[in-house]
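K.L.:
need the 3D shape of this:
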Amino acid sequence: PYRLAYRVVRAVLGCYLRLAVEGTAHVPAGAALLVANHPSALDPVLIAAALPRRAVFMGAAEFLTWPVVGWVMRAYGVVPVRRGRVDAAAVREAVRVLRAGGLLVIFPEGRVAPSGGALRPGAGLLAAAAHVPVVPVAVVGSSRALPLGRYLPRPVPVRVCIGPPLPPPPDREAGERTVEEAMAWIRRTAASRPAEASPAQPPAGSA
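P.N.:
Below is the predicted model of the structure:
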C-alpha cells in the first residue's frame, strides 16, 4: 500500500498542483521528529509525497475517515490521536516509532491553522523521550490549494521545504524550545516567499 500510495500521490500532485520539494537531503537516515505547519487539510498528503522515505503521521483519529487524506495516512502509517484528552496510548506509540528508527510527522499547532496558531505542548516531550533530532517542514501554498470549506483542491503551485535537523533535546523543556525554534523557521519560510520561490535558509543554531 505504501509504494502505491507514494507513486499515485506524487504523480497526481506533481502534475495537478505542480508540487515542488526542496531539502530532502536534510531528512536523516535514522529516527527523526518532523514538525510542520498546518495551513490546510491537504498537508499530510503533500508531506507524504515530498519525503524520500516512509513516515508515520500523528493525526486526529477522524482524519482516517477522509477519502484521500485517510487513505494516504493509513498507507504510510498513522498514530491516531483522540482530541480533547491526554492520549497516553498515542504518546507511547509515537515514542515506539521513533525508538525503532522511524520518521514521525507531527503538527504542533494541533489543527488546521491557515494563519498559524498557538503551539500545543507535547512535541518536545516526544523528541526528548526518544532523543531524536527535530526537522522543520514548511508547507507553502496549501491554504490556497485547499482552503477550509473546500473539498477539491485548486491547481495552484505548492511547495514543501525541509530544513536542516536540530539536535536531539536532552529533556522536555529543551525539547519544547527546539520545537519552537523549528516552528519559527517554518513561519519565516512560509511568510517570506511564494510557493515558487527560491530555497529557504536553515534554522539558526541547527546542526
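K.L.:
now the helices for this structure?
P.N.:
2-12, 43-50, 67-76, 88-99, 123-130, 142-145, 172-192 (DSSP state H).
K.L.:
would you turn these into a markdown table with mean neighbour count and distance to Arg111?
P.N.:
Yep, even glycine has a C-beta here, placed from its N, CA and C like the rest. Below are those laid out as a markdown table (neighbours: other C-beta atoms under 10 Å; distance: least, C-beta to C-beta, whole Å):
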| stretch | mean neighbour count | distance to Arg111 |
| --- | --- | --- |
| helix 2-12 | 14 | 22 |
| helix 43-50 | 25 | 11 |
| helix 67-76 | 18 | 14 |
| helix 88-99 | 16 | 15 |
| helix 123-130 | 23 | 14 |
| helix 142-145 | 24 | 13 |
| helix 172-192 | 19 | 15 |
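K.L.:
so which of the ones you listed is nearest Pro136?
P.N.:
Proximity to Pro136 (C-beta to C-beta) singles out helix 172-192 among those, at 3.8 Å.
K.L.:
contacting residues around that closest one?
P.N.:
Surrounding helix 172-192, the residues in contact under the criterion C-beta atoms under 8 Å, 6 or more residues apart in numbering are 35-37, 39, 108, 116, 119, 121, 123-129, 134-140, 161, 163, 166-167, 169, 200-205.
K.L.:
just the buried ones from those?
P.N.:
Buried positions within the contacts of helix 172-192, assessed by neighbour count (16 or more other C-beta atoms under 10 Å), are 35-37, 39, 108, 119, 123-129, 134-140, 161, 163, 166, 169, 200, 202-203.
K.L.:
how about Ala36, nearest residue that isn't a chain neighbour?
P.N.:
Of all residues not flanking Ala36 in the chain, Val137 sits nearest, at 4.0 Å (C-beta to C-beta, 6 or more residues apart in numbering).
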